[in-house]
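K.L.:
below are the sequence and a predicted model for it; my questions follow.
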Amino acid sequence: MKQLSQGPRLAEILRLLDERAFWTVSELAERFDVSEETIRRDARQLEQSGVIQKVHGGLSATSHKIEAPYRIRLRENAAAKQRIARKAAELVSDGMTLLIDSGTSCHWLARNLAAMRNLTIVTNSVEIAHEVLGNPGQRLLLAGGQINPIHNAAFGPEAQAFCQRFAPDLTILSMGAVDAARGFLDFDPDEAAFKQSLLGHARRIVVLADHSKFAKSGFMQVASFREVQDLVTDQAPPADVLEAAAQTDTRIHLAEEDSSSPRDVRPALV
């Protein structure tokens, strides 16, 4: 196998562990054409995220892997998130560079982009990298640094500096809450700081948020409505959110249930 940098190599190790529950260090070193010490360093990083466990002579998938916090969140409002992902995929065209964050709605988006060609995808998420790796015609760049075990993603200064090197066509972010007065918010300080660090480098910011996010009160502001060009959601937002979007010309894309033609809304003041 062609030598991979650490990020893609970590994602490929996870894929291999999905296929087979145990790999020896020597098998992986030979497969990736790296030293056994390199594989041991990779194993230590993945073990911190809780998705693998080191055993004598090798690496093993953890028995609780699919019930890790990220996987639990992936199932929450899954149908709405999948509709949002399909709608958001309509914003992506051939040749684009995308920066995709670690949210579960973004995970579904990455899966919906699998058949598209000539895409460059930058992400801080091990899970999303796992989805993208190996897709024909897609170039993957994975930010490194310490992996947050709750989100299976890197948020620290190394990840921020890596992502700030790019000027993506679309920067696609999931959010924990949407509020008419305070804009787009999150709950984890490290995650929020990572997203904030991307705003000044984006050509166009797209936020994915299912309807439940309109009823939540995040405490870390990530972006104002003025900084977000597109909001993709599954139900019409409350009137005050529509008004805030109208004031800043934020376009709302609705992926409604049981609708054969999801529609876009440029909200009018109410």
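P.N.:
Structure's in. What do you need?

K.L.:
how about the helices in the protein?
P.N.:
With DSSP state H as the criterion, the chain has helices at 6-19, 25-32, 36-48, 69-75, 78-89, 104-112, 126-132, 157-163, 189-198, 239-248.

K.L.:
make TSV out of those and add mean pLDDT, mean neighbour count and distance to Leu173.
P.N.:
Bear in mind the C-beta positions are built from the backbone N, C-alpha and C, glycine included. What follows is the helices of the chain, written out as TSV (pLDDT from 0 to 100; neighbours: other C-beta atoms under 10 Å; distance: least, C-beta to C-beta, whole Å):
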stretch	mean pLDDT	mean neighbour count	distance to Leu173
helix 6-19	81	19	20
helix 25-32	92	17	32
helix 36-48	86	16	24
helix 69-75	65	16	15
helix 78-89	93	20	11
helix 104-112	93	24	8
helix 126-132	92	25	12
helix 157-163	97	18	12
helix 189-198	94	20	5
helix 239-248	97	17	16
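
K.L.:
can you check which of the ones you listed gets nearest to Leu98?
P.N.:
helix 104-112 (8.9 Å; C-beta to C-beta).

K.L.:
between the helices of the chain, which gets nearest to Leu142?
P.N.:
With C-beta to C-beta as the yardstick, what comes closest out of these is helix 6-19 (2.8 Å).

K.L.:
helices or strands up against that closest one?
P.N.:
Helices and strands touching helix 6-19, by 3 or more C-beta pairs under 8 Å, 6 or more residues apart in numbering; DSSP states H and E, are strand 22-24, helix 25-32, helix 36-48, strand 52-55, strand 58-61, helix 126-132, strand 138-142.

K.L.:
how far off centre is the longest one?
P.N.:
For helix 36-48, the distance from its own C-alpha centre to the chain's C-alpha centre is 23 Å (C-alpha atoms, centre = their mean, to the nearest Å).

K.L.:
what angle sits between that helix and helix 6-19?
P.N.:
Relative orientation of helix 36-48 versus helix 6-19 (axes from the mean of the first three to the mean of the last three C-alpha atoms, to 10 degrees): 70 degrees.

K.L.:
list the contacts of helix 36-48.
P.N.:
6, 9-10, 13-14, 25-26, 28-29, 32, 52-54, 59, 146-147, 149 (C-beta atoms under 8 Å, 6 or more residues apart in numbering).

K.L.:
and with 6 Å instead?
P.N.:
Leu10, Val25, Leu28, Ala29, Ile52, Lys54, Leu59, Ile147 (C-beta atoms under 6 Å, 6 or more residues apart in numbering).
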